[in-house]
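Visitor: Provided below for reference: sequence and predicted model.
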Amino acid sequence: MLPLLTWSAAGVAAAALGALLAPRSAVNRARLVGVASAVAAGLMLGVAYVIAQQGLEIATVPALLGAGTGLLLTHVVGHRRSCATSARIGSPGGVPAGRSHLVATHALHSASEGVAMGAAFAWAPELGALTAMALIVHNIPEGGLLAVGLTGAQGRSMAAVSALIARLPQLIVAAAVWWAAVSLDGVLAAALGFGFAALVYLALAELLPLSYAHRGRTSIALMVSVAAGVVAALGAIG
Amino acid sequence: MSVQPVVLVFLAALLTAVATGLGALPFIFLRSGTPRVLAFANAGAAGLMLGASFGLLVEGAAIGALQTYLGALLGVVFILGTQRVLGHSHPEVGDIRGAGARQALLIIVVMTVHSMAEGVAVGVAFGGGASLAAAITIAIAIHNIPEGLAISAVLRGRGASVVACAGWSIFSSLPQPLLAVPAFIFVEQFRQALPYGLGFAAGAMIFMVLVELLPEAYEQTSGRGIALVTTASLVMMLLVQQFL
């Protein structure tokens, strides 16, 4: 449990750090988002493949049910979060969203990532650590994006506190899923399936399009390939 | 080495090449494909290719992780080099009709060079065992259908017949049977080369998915739709790998 809590806390802290240190210049912010999202996407795709393999090997049907649920929930939460973020930063057509709404959608989003972390740690600490690394890299620009959505109403230190609050469900859910997966029969495979779908969907629906929008497709492909290759190779021997 | 496995490898790779021609079939009814259909076809192919590539990496890493990873980097460098060479080339216009014939020819050349890596993947996969070979052959055959669809969409829009669309599509995948056999013989003779070969094919395929298929898909429709289709097809490939 201690490694899980340590890695999860590092993930939460990374979001707050991202909110505190988000570059003020839009160009630098876009560069950071492009690179960090590409590396996180690569790590997530590699980790997700290994997680899914283990889940299907333990119990195919629960793993598939978990994957279906994870895909559906992440899709719905992702849609609501994107609406809240664009409304908050004033995109045309957006309905004005409150600060608490934006933080709440980010919190729901981080909860689904917590499932992946808890399940991965329950299967093997090495796989859990790889998942945590992917989420830490992802959380830094996420904290920055949340800060951009909030700084119109408050300062950076308050944005960092909001980023901490929004990421806290990742830690709580990771711990709860880990406990359920090691204590209750049949939960591990479903949680691994859910975690796989949440990570792949996040990488494909949010991180890769963000990266392509901010950087050239060749450099992004290179970064993602390298990161995914490392993780898949490490996962296979871990 | 007996002749029979070599023939089997050739036939499997020929099957994947012929599957490319199936991409021309919708154009019996349609004058040209809609961008959204092509985007979702690319997304489906991307999921299958990613699953197949990660499968190759895992298989290779079980033999030698470092060798597999070096092979993957070589695969990425191969595709990057190919793109650079093609970027500076000036292909001659053949007998394809229409104003955009040169562009059509370029896409065929690009697809043909891409398919070299897939041919190597089929050959190397046969060196890794029957179930790996079956999974990779199925993945590449299915992946080839939207590739044929892409080629046919370009050619049909420029006045080519459906038969010509199918013919050019199959032509673009002919490197697959031609390269699968030497790749298979190589890894059979030099077993220590297997992790490098598995990594090479995986690296080349992952890079192709990320530099070609997914960016093109994102340009045509929403990221969420692409993510749903790609994740679902990745799950399908994982199931194929699980049960083969």
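Guide: That came through, no problem.
Visitor: alpha carbons only for contacts and neighbour counts from here, please
Guide: Noted.
Visitor: shaky segments in chain A?
Guide: A:81-102, A:148-154, A:231-238 (pLDDT under 70).
Visitor: Walking through it, point out its strands one by one.
Guide: Ranges of strands within chain A: none, based on DSSP state E.
Visitor: Point out the residues in it that sit beside chain B.
Guide: For chain A, the contact set with chain B under Cα under 8 Å from any Cα of the partner chain comprises A:46, A:49, A:52-53, A:56-57, A:71, A:75, A:197, A:200-201, A:204-206, A:209, A:212, A:217-218, A:220-222, A:224-226, A:229-230, A:232-237.
Visitor: Buried by neighbour count, from the residues you listed: which ones?
Guide: Among those, those classed as buried by neighbour count (16 or more other Cα atoms under 10 Å in any protein chain shown) are A:46, A:49, A:52-53, A:56, A:71, A:75, A:197, A:200-201, A:204-206, A:209, A:212, A:217-218, A:220-222, A:224-226, A:229-230, A:232-236.
Visitor: and the longest helix belonging to chain B with chain A, contact?
Guide: The single longest helix within chain B, with elements called by DSSP state H, is helix B:35-88. Yes - using Cα under 8 Å from any Cα, helix B:35-88 comes into contact with chain A via B:51, B:54, B:57-59, B:61-62, B:65, B:68-69, B:72-73, B:76.
Visitor: What helices and strands are in contact with that helix?
Guide: Applying 3 or more Cα pairs under 8 Å, 6 or more residues apart in numbering or on different chains; DSSP states H and E, we find helix B:35-88 packed against helix A:26-58, helix A:217-237, helix B:101-127, helix B:130-157, helix B:194-208, helix B:214-220, helix B:223-243.
Visitor: Tell me which other helices or strands the shortest one touches.
Guide: With contacts defined as 3+ Cα pairs under 8 Å, 6+ apart, the secondary structure elements packing on helix B:214-220 are helix A:208-214, helix B:35-88.
Visitor: For A:I136, find the nearest of those.
Guide: helix A:208-214 (16.6 Å; Cα to Cα).
Visitor: which outside residues touch that closest one?
Guide: The set of residues external to helix A:208-214 that reach it, using Cα atoms under 8 Å, 6 or more residues apart in numbering or on different chains, is A:30-31, A:33-35, A:37-38, A:41, A:220, B:215, B:218, B:223.
Visitor: what about burial for these, which qualify?
Guide: Among these, those classed as buried by 16+ other Cα under 10 Å are A:30, A:33-35, A:37-38, A:41, A:220, B:215, B:218, B:223.
Visitor: Need the CA coordinates for stretch B:22-40. CSV is fine.
Guide: What follows is stretch B:22-40, C-alpha atoms only, in CSV (Å, rounded to 0.1, in the frame of the first residue of the first chain):
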residue,chain,number,x,y,z
LEU,B,22,-11.0,-5.3,-51.1
GLY,B,23,-10.8,-1.6,-50.3
ALA,B,24,-11.9,-0.9,-53.9
LEU,B,25,-15.2,-2.8,-53.4
PRO,B,26,-17.3,0.1,-52.0
PHE,B,27,-16.6,2.1,-55.1
ILE,B,28,-18.7,-0.3,-57.2
PHE,B,29,-21.6,1.6,-55.6
LEU,B,30,-19.9,4.9,-54.7
ARG,B,31,-18.2,7.5,-56.9
SER,B,32,-15.9,8.4,-54.0
GLY,B,33,-15.6,7.6,-50.2
THR,B,34,-16.7,10.2,-47.6
PRO,B,35,-13.8,11.6,-45.5
ARG,B,36,-15.6,10.4,-42.3
VAL,B,37,-15.8,6.8,-43.4
LEU,B,38,-12.1,6.9,-44.3
ALA,B,39,-11.3,8.5,-40.9
PHE,B,40,-13.1,5.7,-39.0
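Visitor: any residues touching it, and which ones?
Guide: Outside stretch B:22-40, the residues that reach it (Cα under 8 Å, 6+ apart) are B:144-150, B:152-153, B:156-157, B:162-163, B:165-166, B:169, B:216-218, B:220-221, B:225-226, B:229.
Visitor: mind redoing it with 7 Å?
Guide: B:145-150, B:152-153, B:156-157, B:162, B:165-166, B:216-217, B:220-221, B:226, B:229 (Cα atoms under 7 Å, 6 or more residues apart in numbering or on different chains).
Visitor: What of stretch B:226-233?
Guide: A:197, A:200-201, A:204-205, B:40, B:43-44, B:46-48.
Visitor: now, which of the residues you listed sits nearest A:Q170?
Guide: Among the contacts of stretch B:226-233, and counting by Cα to Cα, the member closest to A:Q170 is A:A197, at 16.0 Å.
Visitor: surely the closest one meets A:L72?
Guide: No - using Cα atoms under 7 Å, A:A197 makes no contact with A:L72, being 8.9 Å away.
Visitor: Now for B:V235, how many residues are close by?
Guide: Residues lying near B:V235 (other Cα atoms under 10 Å in any protein chain shown) number 25.
Visitor: what does the one 4 residues further on give?
Guide: B:L239 sits with 18 neighbouring residues when counted by other Cα under 10 Å.
Visitor: swap in A:A104?
Guide: 18.
Visitor: Dump the helices and strands packed on helix B:35-88 to JSON lines, plus distance to A:L108.
Guide: Converted to JSON lines, the helices and strands packed on helix B:35-88 look like this (distance: least, Cα to Cα, whole Å):
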{"stretch": "helix A:26-58", "distance to A:L108": "18"}
{"stretch": "helix A:217-237", "distance to A:L108": "26"}
{"stretch": "helix B:101-127", "distance to A:L108": "40"}
{"stretch": "helix B:130-157", "distance to A:L108": "35"}
{"stretch": "helix B:194-208", "distance to A:L108": "31"}
{"stretch": "helix B:214-220", "distance to A:L108": "25"}
{"stretch": "helix B:223-243", "distance to A:L108": "17"}
